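Engineer: sequence unknown, structure follows:
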């Protein structure tokens with residue numbers, strides 16, 4: 001009996017020990033899961049902190065629905081599972097995802113600060129461009145960056161202290177192919193139900209028109225996944241589009257050529273009038289030269305993006321197409337096949353023009369070294385081909401004045417070559433400047449010749465330096481115009497800005513202007529059209545505000561060159577709807593705003609169909625060409 005009693009007690013003690021071991025294992029498992037979840041939540045907070053441009057960095061806690069918060073954390077969990085399945089180490093998995101999220105968050109913060117839009121898969125193609133321009137910026141150590149780095153340190157502590165302890169206890173068992181397969185299946189299920197299933201948590205499209213509303217609502221991770229999904233369908237087909245429907249559109253016949261003046265088209269880097277969105281006085285009129293040009297037509301061209309997006313504006317200006325179907329594409333020169341793409345270049349070449357494109361910067365930026373020749377430009381010049389370039393006020397970028405001196409040099413060389421060949425060949429000169437590129441606090445204050453009166457919340461130095469640059473651009477343009485005023489060839493010169501500076505939204509008068517108004521005003525860059533002949537003879541009514549894609553056909557019509565049916569259609573459309581934007585809205589000639597999502601006017605929808613067809617090279621090619 002005593003022996004049996006002892007055996008029973010031993011079994012009880014053994015069972016108790018086993019229970020204790022199991023309880024400790026479960027406790028460690030719970031502790032490990034809690035550490036991983038905490039790590040993932042911190043990574044999620046980092047990423048969404050980095051997207052709160054111009055707002056409280058934690059504003060997403062108020063704007064983001066819970067389901068998208070959970071989706072973001074679960075997506076990071078899927079990434080963690082995948083890394084863990086591959087490397088088999090909790091410590092390494094935690095460290096990798098921590099470092100990744102910290103680097104992405106900091107990069108995203110500065111990309112938004114200097115480029116005006118978030119880091120995405122689409123923007124990775126612009127890595128070379130970004131590397132070329134980042135040298136001019138001062139990366140300020142802001143509270144947001146400090147917060148991101150602090151969270152990164154906490155994440156690494158969780159990885160190297162907490163998860164390393166869990167790793168020693170092998171809380172998830174020994175590494176095996178079954179465990180790895182299970183982790184990968186779990187990751188796949190998260191991705192499927194979160195993004196790919198018919199009833200996925202993330203809607204099919206979250207980045208419809210404006211990233212500043214999408215990211216705070218859906219979060220950085222779902223929006224980034226959206227850009228990845230969009231990579232496979234970069235051109236958005238408008239509702240109801242078909243080639244049959246295209247044939248039903250009432251398109252005017254081409255407009256015949258009446259003259260062939262030389263044409264100079266300038267897209268001026270970050271040329272913007274801050275008075276569009278803010279009210280303040282200055283001690284100097286920073287655009288006095290342009291405002292006093294006799295016979296010039298001035299107004300505002302509405303560009304696709306705020307605070308960045310040069311290549312988008314460039315694409316609209318040269319082609320007359322809207323970026324609306326390409327709203328998710330990042331940079332059109334990477335997305336669209338530009339080989340002989342119908343554009344102002346092809347139309348002018350069909351009328352005997354010699355065409356030149358130049359930009360005083362790196363040729364690889366936005367793949368211009370490939371895009372310009374593909375479009376048909378006869379001569380293409382980048383930084384190494386320019387002579388005697390100057391950078392004003394110790395700034396990084398080359399001045400408009402020295403850039404225009406090279407434009408004049410190539411223009412004269414082309415004319416000499418034509419004369420030697422015994423022909424009077426009209427010239428088309430396209431120039432993309434770079435003088436006013438950010439940042440705008442790199443020079444000494446003593447160089448500033450324009451001073452704004454008021455408090456801009458820490459942006460006073462930026463405003464003064466920026467407006468000084470605008471005054472210099474104004475003077476350089478007047479000097480260029482003076483050269484062509486004495487030319488023996490009829491010449492028309494047009495200049496427009498590509499976008500506002502990135503700080504413009506931070507100093508905008510939000511009390512006076514509504515969000516809808518600022519959508520327009522922060523995109524409305526100045527344009528000026530001047531000629532050494534009377535522009536009123538053309539009979540063209542030029543609106544004060546127009547989208548930059550309409551500026552193309554407007555300048556061509558003022559010049560008297562022949563127009564394709566597509567450009568002729570745009571001129572008719574512009575009489576009623578001068579602004580057809582890339583951000584989901586269009587405006588009539590009385591300034592009333594309409595949204596694409598609320599249903600388009602029939603004429604606007606026709607333009608959207610023609611726009612898509614031109615981008616995709618569909619329909620009758622004669623619609624987009626000029627036949628002499």
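Structural biologist: Looks like it came in fine. Computed from a prediction, not measured in an experiment: that's the story for all the values here.
Engineer: could you pull out the buried residues of stretch 312-321?
Structural biologist: 312-321 (16 or more other C-beta atoms under 10 Å). No exception for glycine: its C-beta is placed from N, CA and C like everyone else's.
Engineer: pull the distance from it to the chain's centre.
Structural biologist: 14 Å (C-alpha atoms, centre = their mean, to the nearest Å).
Engineer: also stretch 89-101?
Structural biologist: 31 Å.
Engineer: kindly report the same for stretch 407-421.
Structural biologist: Counting by C-alpha atoms, centre = their mean, stretch 407-421 comes out at 36 Å from the chain centroid.
Engineer: what's next to it, contact-wise?
Structural biologist: 262, 264, 354, 356, 358, 379, 381, 387, 424-425, 427, 429, 431, 480, 483, 489 (C-beta atoms under 8 Å, 6 or more residues apart in numbering).
Engineer: buried stuff in stretch 361-381?
Structural biologist: 361-363, 365-372, 374-377, 379-381.
Engineer: picking up where we left off before, ok, the buried residues of stretch 312-321 vs residue 511, which is closest?
Structural biologist: The closest of these to residue 511 turns out to be residue 313 (C-beta to C-beta; 28.6 Å).
Engineer: hang on, the closest one packs against residue 267?
Structural biologist: Yes: with contacts counted by C-beta atoms under 8 Å, residue 313 reaches residue 267, the gap being 6.5 Å.
Engineer: tell me, what's touching these two both at once?
Structural biologist: 496, 498.
Engineer: now do residue 141 against residue 148, distance only.
Structural biologist: Distance, residue 141 to residue 148, by C-beta to C-beta, to the nearest Å: 11 Å.
Engineer: likewise for residue 96?
Structural biologist: 17 Å.
Engineer: what's near enough to touch the nearest residue to residue 270 once chain neighbours are set aside?
Structural biologist: Beyond its immediate neighbours in the sequence, the residue positioned closest to residue 270 (C-beta to C-beta, 6 or more residues apart in numbering) is residue 436, lying 4.2 Å away. By C-beta under 8 Å, 6+ apart, residue 436 lies in contact with 268-271, 397, 466, 469-470, 473, 501.
Engineer: hmm, 7 Å instead?
Structural biologist: Applying C-beta atoms under 7 Å, 6 or more residues apart in numbering, we find residue 436 in contact with 269-271, 469-470, 473.
Engineer: returning to that earlier point: higher neighbour count, residue 96 and residue 148?
Structural biologist: Neighbour count, other C-beta atoms under 10 Å: between residue 96 and residue 148, residue 148 has more, with 24 against 18.
Engineer: the more buried one sits in which helix or strand?
Structural biologist: In the assignment (DSSP states H and E), residue 148 maps to helix 143-157.
Engineer: enumerate the positions of that helix that are buried.
Structural biologist: Applying 16+ other C-beta under 10 Å to helix 143-157 flags 144-145, 147-148, 151-152, 155-156 as buried.
Engineer: try stretch 338-355
Structural biologist: 338, 341-350, 353-355.
Engineer: what does the residue nearest to residue 559 when sequence neighbours are not counted show for phi and psi?
Structural biologist: Spatial nearest neighbour of residue 559, excluding adjacent residues (C-beta to C-beta, 6+ apart): residue 492 at 4.9 Å. When read as degrees, to the nearest 10, the backbone of residue 492 gives phi -120, psi 130.
Engineer: what count of nearby residues applies to residue 492?
Structural biologist: 24.
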